[in-house]
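Q: Quick check, what structure comes out for this input:
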Amino acid sequence: MHVLFVCWGNICRSPAAECTFQKLLDDRGLSGKISCDSAGTIGSHQGNPPDSRMRQAAQARGLNISGSARMINDQDYQKADIIVTMDDFNFSEVNKLAPDSSQKKKIRPFCDFVSSSDREVPDPYYGGPSGFEKVLDLLDDGCVRLLDHLESKPG
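A: I've put the predicted structure just below:
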């Protein structure tokens, strides 16, 4: 099973989701059964590390976000069993970038898995520290529920 988290630039939300989900996999002893990665829908941040503000907010929660930004590619669609998008624009873009229509059934909004009424994980890039905290709160909640969902699926 492979999960791909996608946001716009792959420097804030999706690497934080990947890190949050990976910690859950490690905590539950599922790293050998489920893998995860992250990507963005644009290439303008390609090669850059995750946003320092997101890394700092995550580190305060015991999460170490690393890696470098990259754009989603055809191999991601082939490898992923589920592609999880952070907001409506990401959902639309990931659908447009899909190499064929059969890949579109893998795409799900992240907020399908949160317990709150939030419909999108907001982009914290242009805001203050509270935006990063809000994102991390949503990711904590949604990643647990996503993993519960994946574990409950047969096969």
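
Q: pLDDT averaged over the longest helix anywhere in the chain, what's the number?
A: The single longest helix within the chain, with elements called by DSSP state H, is helix 129-152. Averaged over helix 129-152, pLDDT sits at 97.

Q: Give the full set of residues in contact with the residue lying closest to D141 once chain neighbours are set aside.
A: Sequence neighbours aside, V114 is the residue nearest to D141 in space, at 5.1 Å (criterion: Cβ to Cβ, 6 or more residues apart in numbering). Glycine gets a C-beta too; all of them are placed from N, C-alpha and C. By Cβ atoms under 8 Å, 6 or more residues apart in numbering, the contact set of V114 is 138, 141-142, 145.

Q: Contacts only, for the closest residue to L138 other than its chain neighbours.
A: Among residues not flanking L138 along the chain, V121 sits closest, at 5.1 Å (Cβ to Cβ, 6+ apart). Shown in contact with V121 (Cβ under 8 Å, 6+ apart): 7, 13, 17, 86-87, 110-111, 135, 138-139, 142.
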